[in-house]
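In: could you work out the structure for the sequence below:
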Amino acid sequence: MQVPTGRSEKRILKAVGVTARLSDGSSLPEGTFTENISMRGARIVTKTKLRPGGMLEVHFRTAEIQSQSRVVYCQQLPDGRFAIGLEMTQNSSERGEGRGRKPI
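Out: All right, here's what the predicted structure looks like:
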């Protein structure tokens, strides 16, 4: 019997470079990337500690997708970087082709 994970969608292990702008206008540093991703969320790795509940705009470089996202958790990794769990609250194409969730 499988133990439930609490996730409603399967996550895909995929490293995608991201840029992100925080609500205060600052940006996450170069080298921020995803570890895994789904239609509704992602886990990113960055050098910046983020507060759960905070909002940011994430741009997935290879997919021409940007997302308003909420920080769900921030976990310090052994190497000093941080793993950030994101819930994507709204995804949109940079070309303005509609609104709503789109695959990345």
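
In: switch to C-alpha atoms for all contacts and neighbour counts from now on
Out: Fine.

In: specify the beta-bridge partners of residue 37.
Out: residue 12, residue 42 (DSSP bridges).

In: burial count for residue 76?
Out: Residues near residue 76, counting by other Cα atoms under 10 Å, number 15.

In: for it, what are its contacts?
Out: 49, 82-83 (Cα atoms under 8 Å, 6 or more residues apart in numbering).

In: just those residues: which are in strands?
Out: Under the assignment DSSP state E, the contacts of residue 76 contribute 82-83 to strands.

In: now, of the contacts of residue 76, which are buried?
Out: Among the contacts of residue 76, those classed as buried by 16 or more other Cα atoms under 10 Å are 49, 82-83.

In: pretty sure residue 30 sits against residue 19.
Out: Yes - with contact defined as Cα atoms under 8 Å, residue 30 reaches residue 19; the gap is 7.4 Å.

In: neighbour count for these two, which is higher?
Out: residue 19 (17 against 12).
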